[in-house]
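Peer 1: Curious how this folds, go ahead:
(chains A and B)
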Amino acid sequence: MSRAKVYILDTHTLSPLGLGTEALLASLQNQHQATAPISQFDAAGLSQTHACEVAQAHLAQLQELSEAWQVVAANDRKFALWASVLESKRTALQALFGKTSKARTALFLGLGANAFPVQRIAMSVADYSAFGLNEAIAQLNFYNGKKANSIFNHADLYGAYFAQEIAPFGFCRNLMTACSSSMQAIAFGAAHIMAGQADLVLAGGTDSIINQFAYISFGKLGVLSPDQCKPFDTGRNGTIAGECAGYTLLASEKFVRENCLQPRAALIGFGNSMDAYKITAPDPSGAGVERALRSALEMAQLPLDALDYINAHGTGTRSNDEAELRAIERVVGAAAPHIAVSSTKDRHGHAIAAAGIQEFHVLTTCMANDLIPANLSCSQPIQSSLALPFESNQTKQIRYALTNNFAFGGVNCSLALENLAL
Amino acid sequence: MLARITAIGFWESTLFSVDGSIGPRAELLPNLAKTQRQLPNLDAAFRQLGLDPTHPNYPKPSDLKILRNDTIAALILSQQMRAFHQWDAAFLEQGALLVANSNFIDDDVLDFEAIAAAVNQLQNAQDPATENKLFGSTISPLLPLRTLTNGAQSFIAQYLGFHGTATTYGSTGIASAQALRDACNLLQIGASPAVLVGGCHYANLFSFLNNCLLLSDTKGYAEASAASFLMLTPYDPGQTGPNHLHITQFYCELAALEGEHVDWLFYGGAFTPQQDAELQARCKHLCYREAFSWFAHTGNLGAAELGMLLAASANWLQIGQTAVIVLQDAYGVVELFKVQKA
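Peer 2: Numbers count the residues shown, from 1 in each chain, chains lettered A, B, ... in the order given. Below you'll find the model as predicted:
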């Protein structure tokens, strides 16, 4: 059994904490929390009127796109974020993808479900009042000019955009496991390199649930906090919605060597598991989470006491946080007091399918800068033997770290990273 | 050899098998589904699955509230395959589950009448707070779960007892081929001892809306709801079994088939007869003796098409014969690989 090492060349995100690594680092260091009143629709009367949104200024490059893509972006926020983050690194991406044959490249994308742009449909029903609703939607969906619909599109669209506008690639995967989507995309992208099927993989994703339809739906599920997202706090009462698009560039040893690159981090293990418990709730025992963590550590061949930091899923919901902490405690055992654990969702919100790439970027940024982000909003912590930093960030070298994401339906994913600069 | 397919099952309208048996090609019936007007100037024929609520493997009533029809079919089929192939709990617990879905929205969710009512209410609302309240009253609390993209994966894991690696691929017919390729990767790096690869598809207006406007000509548009599964294990030259296939090679584009000689071409992903013919023509680089597509018999099978094509391969290839499988998505992107009858 041979496993190739997977190198992390670069990670780039557009999130409520800014565009790119420098902005993200400054935001983490300044302990900025991006929660603010929602600007994308009027949330008056809803139980939660705040969210963590990407600043509109970062979407300015969309105006450079063809009209057809602009129409898609206007109706699909996650596409707008995806196109924006790619456009901001277009030249660098094209140069990198030009360094190897198309057949040795791949995209692994974690994507959210289609959202219904209800207000847009409502306006169009008036425009197409001579038709029935089906016809109105069909008319609205059609845009003559590109191989893309205006509203409802397959997940394949995001890869198609990359191929048409950025660079051709060998293969694309669209992983759609809700909140674990983009973390699984990174894991499966790594597996692709480990199996010797590719030398360069762009893995990441995009999602936003900050729209009227999704916000009301998620609100009804009771997962959004009516006030503040407080991961690992005994008084936690829900998460805060966020949005993000981004990617990490994973490479084989061959690609790194041939291009004389000096990556600062490597992905050394991943673990996936299913709760197989209930679709509506995670297994309260955390057994599935435990299996994912153990699998990641086993693949990484890491001794438990080598682990420095875990960027937790930590949603701030009643059902997640305690089960996650207990699972980590069981896995790391006596090493618990030496392992820092924190969630940064109270800073950037929960980006659902893009949570994985967002928190992966947080982790790689922290690893490169000896930064342990604090659990800022936690004032009455759940009792734990783990080292949960509060109030302010800490300075500590991170050589080995994990990042976790879990999803509705009981999907668990954990990634193990190594800091190659230490 | 990259991996071995040891079991195939499928369900499409009148076609159902837990052991992959199809019967002779000559006995396959043409698609008799009625073409109906879906939108102005746009017609389509849909074939649906006959779900029987009295079936012993029918899901629990408490789960039905959040189950799509394609997921129900996938649940019944996968449970029957487990019984037929005698997959034990330990085998499934360690195995991986990779499921492709090509439509996450069923008719009960995309209830256009209900949306129309909601839209009317929005237009009558005096202020945003009233609008949100009115709109909220039309949305079921179960909607996010009913449209959960990994719904099929999660229910199958729950009903069959998968605790290992699992994920969902979307959202066109090539998604299942993507799953197959990743399954080979998981086997190759030793991350899983076996992988159940599945696909399910719900043919309805939402799928039609996603696909039909991408076509230059929709004449003869046809889709079928379906589910299919296949069990993949590492290549083992000593293993034997009826209708086993070896996956021998993946390709990244049709041009890579230049100079390849195989016995059969199995292709799929078309939505119209014209597209079906064009797809076969796109495989001109490949030298083959016979070609087969399900389109004339069923219409487009979405993410379930891969299993159906592999079932045909397993039935009609002679031992040692080879075939190339080609799947195309709505954007014209293809996934392709070669198999050999074990």
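Peer 1: tell me which helix or strand of the chain sits lowest on mean pLDDT?
Peer 2: Here I'm looking at chain A. In chain A, no helix or strand scores lower on mean pLDDT, DSSP states H and E than helix A:118-127, which sits at a mean of 64.
Peer 1: not what I meant, chain B
Peer 2: Ranked by mean pLDDT, DSSP H and E, the weakest helix or strand in chain B is helix B:112-124, scoring a mean of 68.
Peer 1: and the stretch 1-150 of chain B, which residues reach chain A?
Peer 2: Contact residues, the stretch 1-150 of chain B versus chain A (C-beta under 8 Å from any C-beta of the partner chain): B:38-40, B:42, B:63, B:66, B:96-97, B:101, B:104-105, B:112-113, B:115-116, B:118-119, B:122-123, B:127-133, B:135-136, B:139-141, B:143-145, B:147-150. Placement of C-beta: from N, CA and C, glycine included.
Peer 1: try 6 Å
Peer 2: By the rule C-beta under 6 Å from any C-beta of the partner chain, the part of the stretch 1-150 of chain B lying against chain A is B:39-40, B:104, B:112, B:116, B:119, B:122, B:128-129, B:132-133, B:136, B:139, B:141, B:143-144, B:147-150.
Peer 1: So which of the residues you listed are in strands?
Peer 2: Taking DSSP state E as the definition of strands, those contribute B:Leu39.
Peer 1: So which of the residues of the stretch 1-150 of chain B next to chain A belong to helices?
Peer 2: Using DSSP state H, the members of the residues of the stretch 1-150 of chain B next to chain A that fall within helices are B:112, B:116, B:119, B:122, B:128-129, B:132-133, B:136, B:143-144.
Peer 1: Follow the chain on from the longest strand anywhere in chain B and name the next helix or strand.
Peer 2: Here the longest strand in chain B is taken by residue count, with DSSP E as the criterion, and it is strand B:3-12. Proceeding C-terminally, strand B:3-12 gives way to strand B:15-17 as the next helix or strand, assigned by DSSP states H and E.
Peer 1: Would you indicate which residues of the longest strand of chain B are buried?
Peer 2: Applying a neighbour-count criterion of 16 or more other C-beta atoms under 10 Å in any protein chain shown, the buried positions in strand B:3-12 are B:3-12.
Peer 1: Look at the nearest residue to B:Gly302 once chain neighbours are set aside and say how many residues are nearby.
Peer 2: Leaving out its chain neighbours, the residue that sits closest to B:Gly302 by C-beta to C-beta, 6 or more residues apart in numbering or on different chains is B:His201, at 2.7 Å. By the criterion of other C-beta atoms under 10 Å in any protein chain shown, B:His201 has 31 neighbours.
Peer 1: In the sheet, which residues pair with B:His201? Tell me.
Peer 2: Taking DSSP bridges as the rule, B:His201 bridges to B:Ala226.
Peer 1: if I look at it, how far off is chain A?
Peer 2: 12 Å (C-beta to the nearest C-beta, to the nearest Å).
Peer 1: Wait, that residue touches B:Ala100, no?
Peer 2: No - here B:His201 does not reach B:Ala100: they are 8.6 Å apart, not a contact under C-beta atoms under 6 Å.
Peer 1: who touches both of these two?
Peer 2: Where contact means C-beta atoms under 6 Å, 6 or more residues apart in numbering or on different chains, the residues bridging B:His201 and B:Ala100 through contact with each are B:Ala303.
Peer 1: Next one: A:Asn405 from B:Ile247, what distance?
Peer 2: Separation of A:Asn405 from B:Ile247 (C-beta to C-beta, to the nearest Å): 30 Å.
Peer 1: Tell me which of these two has more neighbours.
Peer 2: Neighbours of A:Asn405 and B:Ile247, each counted by other C-beta under 10 Å, are more numerous for A:Asn405; the result is 32 against 23.
Peer 1: partner strands of the strand or helix carrying the more buried one, parallel or antiparallel?
Peer 2: For A:Asn405, the element it lies in under DSSP H and E is strand A:400-407. The pairing partners recorded for strand A:400-407 under DSSP bridges are strand A:309-311 (parallel), strand A:411-419 (antiparallel).
Peer 1: now what about the last one, what contacts it?
Peer 2: The one in question is strand A:411-419. Contacts of strand A:411-419 (C-beta under 6 Å, 6+ apart): A:177, A:180, A:183-184, A:187, A:265-273, A:288-289, A:292-293, A:296, A:300, A:367, A:398-406.
Peer 1: what's the answer for the shortest one, then?
Peer 2: Under the contact criterion C-beta under 6 Å, 6+ apart, strand A:309-311 has outside partners A:340-341, A:359, A:363, A:372, A:398, A:401-403.
Peer 1: quick one on the thing from earlier: can you tell me which residues contact the residue nearest to B:Gly302?
Peer 2: The contact partners of B:His201, taken as C-beta under 6 Å, 6+ apart, are B:70, B:102, B:226, B:302-304.
Peer 1: now B:Asp329
Peer 2: Taking C-beta under 6 Å, 6+ apart, one finds A:156, B:172-174 in contact with B:Asp329.
Peer 1: helix/strand/coil for A:Thr206?
Peer 2: Assigned by DSSP: H, G, I helix; E, B strand; the rest coil, the conformation of A:Thr206 is strand.
Peer 1: isn't it right next to A:Ala355, touching?
Peer 2: No - taking contact to mean C-beta under 6 Å, the distance of 11.2 Å between A:Thr206 and A:Ala355 leaves them out of contact.
Peer 1: What residue in chain B is the furthest from its centre?
Peer 2: Counting by C-alpha atoms, centre = their mean, the extreme residue of chain B relative to its mean C-alpha position is B:Gln126, 45.2 Å from that point.
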